[in-house]
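*Asks:* Here is a sequence with its predicted model. Questions after.
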Amino acid sequence: MIAVDRIDDLRAHCDAARRDGRRVGLVPTMGYFHEGHRSLMRTAREQTDLVVTTIFVNPLQFGPNEDLDAYPRDLAGDSDAAQGEGVDILFTPSIAEMYPEPTRTTVHVAGLTEGLCGAARPTHFDGVTTVVAKLFAIVGPCTAYFGRKDYQQVAVVSRMVADLDLPVSVVGCPLVREPDGLAMSSRNAYLSSDERWRATGIFQALRDAAEAVERGERDPEALRTGIEHAGTHLGLDLEYVEVRRCTDLSTVTTLAGDLLVAVAARVGGTRLIDNITLQISGSEVTTDLGVITQGSTTEPQRKQSFRRGPQVEHPRVDSNARISLS
């Protein structure tokens, strides 16, 4: 594995690979790797020839009083993990390298960024799309891999790519869960033992919601109410519980088609997000709850799927929304 921290060096390696006919795969991260990150690297390793993983804690996507300075970091451990997953290039730029001058240009994706996480974090997605656009410009034509735990982020980045005709294919990869069902996140490290136990209630509530839909529930408000009651019982500070269409994140009045059920909550001082997706056609329901790891994250082959029903590509592409989360 080659470690680089200069933009010109990364660009040169990627350009050379494409001249040789090799496909470039990009895994953008903020580091502090867990099994979810590693699963993205493995997918990139399987599908492309030169795997680039980036670690950059991007200040533009943190708002005032958020955890930029406290965000967990472990470059040595991350380097070992990336090398273990067969990453070819690890890009670890400094803030000065990425933003040598105050940023005057930002990228905004209207419509997809105002709700869900964007409601409480109004500058967050502009920070995400700006840094991702920079990484796409540096790496060049590639396939980029993102986890669907942050479903809104994948939708926003995909729409940015479509609208700007960027030579990048965005792949949304399955949400990965801890053995107790908690969605994997670098911020899980902040949780005390009691907070972690309460945090698992987010997934339990989402699973109960999926079971309600499978039993015939078709009222999105009833679904939201059930999740809210469960969260309140566990002492979770719920920021939102939303049911949205997968293709364009629009609101729904009935449960039909491809849907996202998304939750954001604070457990103690830690903000967590989670989601499930549903495909509903009449009485037929397919639920994607993600995949769960078993035991040590050093044994990634030991996974079981929480997916119910037949395997589906999810969500489907809406020709108007132009979002591909394959």
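*Replies:* Structure received. Residues are numbered from 1 along each chain as shown.
*Asks:* can I assume residue 212 sits in a strand?
*Replies:* No - assignment of residue 212 by DSSP: H, G, I helix; E, B strand; the rest coil gives helix, placing it outside any strand.
*Asks:* Tell me how far it lies from residue 261.
*Replies:* Separation of residue 212 from residue 261 (Cβ to Cβ, to the nearest Å): 11 Å. (Glycine included, C-beta is placed from N, CA and C.)
*Asks:* higher neighbour count, these two?
*Replies:* Neighbour count, other Cβ atoms under 10 Å: between residue 212 and residue 261, residue 261 has more, with 25 against 17.
*Asks:* what is the mean pLDDT for the helix or strand containing the more buried one?
*Replies:* Using DSSP states H and E, residue 261 falls within strand 257-267. For strand 257-267, the mean pLDDT works out to 98.
*Asks:* Quick check: which helices or strands does it pack against?
*Replies:* On a contact count with 3 or more Cβ pairs under 8 Å, 6 or more residues apart in numbering; DSSP states H and E, strand 257-267 meets helix 151-164, helix 193-214, helix 220-233, strand 237-245, strand 270-281.
*Asks:* Let me know which of the ones you listed is tucked in deepest.
*Replies:* Of all these, helix 151-164 has the most neighbours on average by mean count of other Cβ atoms under 10 Å, namely a mean of 23.
*Asks:* Find the nearest non-adjacent residue to residue 24, please.
*Replies:* Closest residue to residue 24 apart from its sequence neighbours, by Cβ to Cβ, 6 or more residues apart in numbering: residue 142 at 4.0 Å.
*Asks:* contacting residues around the one you found?
*Replies:* 14, 23, 24, 25, 26, 48, 52, 136, 167, 168, 169 (Cβ atoms under 8 Å, 6 or more residues apart in numbering).
*Asks:* can I assume the fifth one is in contact with residue 44?
*Replies:* This means residue 26. Yes - using Cβ atoms under 8 Å, residue 26 is in contact with residue 44, at 7.4 Å.
*Asks:* Need the nearest residue in space to residue 230, chain neighbours excluded.
*Replies:* Leaving aside its sequence neighbours, residue 230 sits nearest to residue 205 (Cβ to Cβ, 6+ apart; 3.8 Å).
*Asks:* Distance of the one you found relative to residue 242?
*Replies:* Residue 205 sits 13 Å away from residue 242, going by Cβ to Cβ.
*Asks:* now residue 172
*Replies:* Note on residue 172: its distance to residue 242, by Cβ to Cβ, is 18 Å.
*Asks:* just residue 233 next, same as before
*Replies:* 20 Å.
*Asks:* again with residue 252
*Replies:* As judged by Cβ to Cβ, residue 252 and residue 242 stand 10 Å apart.
*Asks:* neighbours of residue 37, just the number please.
*Replies:* 26.
*Asks:* again but with residue 120, I slipped
*Replies:* Residues contacting residue 120 under the criterion other Cβ under 10 Å number 12.
*Asks:* Nearest residue to it in space, please, no chain neighbours.
*Replies:* In this structure, residue 120 finds its nearest non-sequential neighbour in residue 239, 5.6 Å apart by Cβ to Cβ, 6+ apart.
*Asks:* about what we covered before: now the residue nearest to residue 24, which residues is it bridged with?
*Replies:* Counting by DSSP bridges, residue 142 is bridged to residue 168.
*Asks:* And the strand or helix carrying residue 132, what does it pack against?
*Replies:* If you go by DSSP H and E, residue 132 is part of helix 124-139. Helices and strands touching helix 124-139, by 3+ Cβ pairs under 8 Å, 6+ apart, are helix 7-19, strand 24-29, helix 117-120, strand 142-147, helix 151-164.
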